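Visitor: quick check, what structure comes out for this input:
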Amino acid sequence: MADHQGRTARDRLLIAFAPAALVAASLTLGTPGTAHADDKPVDDCPGRVGFVCLHARDKATTKPSSGRKPSPRKNSGPTYTECVVERLDPQPPASDPLWKGHKPGDGAIYLRVCNWMIFGKAADAAVAPQTFWAAAAPEADVDPLQLAHEAVDKMRLTGPDIASPRTDGTYAVGVPTWLWVDKSPTTYGPNTASASAGAVTVNATARVTKIVWTMGDGTTVTCTGAGTPYKASLGSKRSPDCGHQYRRSSKGEKNGSYHLTATSTWSVGWAVNGGGGESGQFTETRLTQLNIVIGQVKVLN
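Guide: Presented below is the predicted three-dimensional model:
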């Protein structure tokens with residue numbers, strides 16, 4: 001029942017919002033490049049009873065590319081974001097998880113639709129509207145999720161800082177290879193940053209939750225931690241939490257080496273500064289690549 005009510009409200013918002021979003025897109029041309037709230041960030045949507053139109057202009061951003069170093073943000077010009085927020089009516093029942101432990105009457109459940117959700121950040125990447133609890137009617141002049149991504153851009157997150165294996169290391173068939181990474185705020189987390197627009201500030205925290213190692217021999221290893229550093233005193237023991245054992249040498253591979261990729265998944269939690277109930281999570285990935293040589297163990301007679 002609550003889901004049906006939510007869909008109905010979303011449908012109304014999408015119908016009401018689409019023309020405004022088209023207008024907003026046309027306003028992209030010629031707008032200033034500096035991030036700032038519109039001169040009139042909050043107003044009534046003409047012809048839409050019960051709606052509030054929220055506007056903001058800010059610089060377009062791109063996510064850092066995969067690899068050790070994120071690419072600089074492309075200066076592709078400003079974007080124009082228009083959001084419509086509506087209080088769900090009727091409100092979901094008290095048992096609905098949207099309340100996040102709050103009781104009906106203690107704040108309310110709202111729905112936000114922004115132009116980038118309808119048309120997507122890419123041509124085929126439309127995003128579902130946001131349904132959220134807030135203690136009071138939102139006064140944001142931009143989409144908090146968009147600000148959360150801005151905060152992540154400031155973190156300059158990169159791929160894993162691989163400590164082992166190393167390109168100049170010596171590894172052999174049948175001998176356990178220990179996998180581990182060094183930790184830092186930009187390569188493993190936690191990392192925190194904030195982004196603001198108008199009167200709204202979003203705080204975000206990112207940390208790596210797993211690293212998937214593609215070993216180059218057709219196998220993958222998933223590690224939920226940074227891995228354990230190897231010590232010579234451990235001899236030929238296997239890593240207790242993150243390792244691999246090659247079954248054949250890399251002699252027949254391109255350039256005589258295996259191409260490894262370590263892909264980290266960053267979990268990002270964000271919340272609007274000062275409370276209000278708006279918060280969320282999303283994930284991003286970064287990767288690091290290297291080549292290693294796996295040789296055969298030579299037995300002396």
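Visitor: average pLDDT for stretch 134-147?
Guide: Across stretch 134-147, pLDDT averages out at 74.
Visitor: how long is that stretch end to end?
Guide: Distance across stretch 134-147, first residue to last, is 17 Å (Cα to Cα, to the nearest Å).
Visitor: over to stretch 102-113?
Guide: 23 Å.
Visitor: show me which parts of that stretch are buried, residue by residue.
Guide: Using 16 or more other Cβ atoms under 10 Å as the test for burial, stretch 102-113 gives 102, 107-113. No exception for glycine: its C-beta is placed from N, CA and C like everyone else's.
Visitor: which ones among those are found in strands?
Guide: 108-113 (DSSP state E).
Visitor: mind checking the SS state of Ala151?
Guide: Recorded secondary structure, Ala151: helix (DSSP: H, G, I helix; E, B strand; the rest coil).
Visitor: so where's the stretch 201-301 of the chain uncertain?
Guide: Along the stretch 201-301 of the chain, the parts satisfying pLDDT under 70 run over 274-277, 298-301.
Visitor: 90 instead, please
Guide: Within the stretch 201-301 of the chain, the ranges that satisfy pLDDT under 90 run 201, 272-279, 296-301.
Visitor: hey, where'd the strands end up in the stretch 101-250 of the chain?
Guide: In the stretch 101-250 of the chain, the segments counted as strands under DSSP state E, counting those that start in this stretch are 108-114, 130-134, 161-164, 171-172, 177-178, 180-182, 191-197, 200-214, 220-223, 243-244.
Visitor: and the last one, what does it pack against?
Guide: Read that as strand 243-244. Applying 3 or more Cβ pairs under 8 Å, 6 or more residues apart in numbering; DSSP states H and E, we find strand 243-244 packed against strand 177-178.
Visitor: what helices or strands is the strand it packs on leaning on?
Guide: strand 243-244.
Visitor: neighbouring strands for the strand it packs on, and are they parallel or not?
Guide: Sheet pairing here is set by DSSP bridges, and for strand 243-244 it gives strand 177-178 (antiparallel).
Visitor: tabulate the strands of the stretch 101-250 of the chain in JSON lines, adding columns for distance to Arg286.
Guide: What follows is the strands of the stretch 101-250 of the chain, written out as JSON lines (distance: least, Cβ to Cβ, whole Å):
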{"stretch": "strand 108-114", "distance to Arg286": "26"}
{"stretch": "strand 130-134", "distance to Arg286": "25"}
{"stretch": "strand 161-164", "distance to Arg286": "11"}
{"stretch": "strand 171-172", "distance to Arg286": "25"}
{"stretch": "strand 177-178", "distance to Arg286": "22"}
{"stretch": "strand 180-182", "distance to Arg286": "12"}
{"stretch": "strand 191-197", "distance to Arg286": "12"}
{"stretch": "strand 200-214", "distance to Arg286": "9"}
{"stretch": "strand 220-223", "distance to Arg286": "15"}
{"stretch": "strand 243-244", "distance to Arg286": "21"}
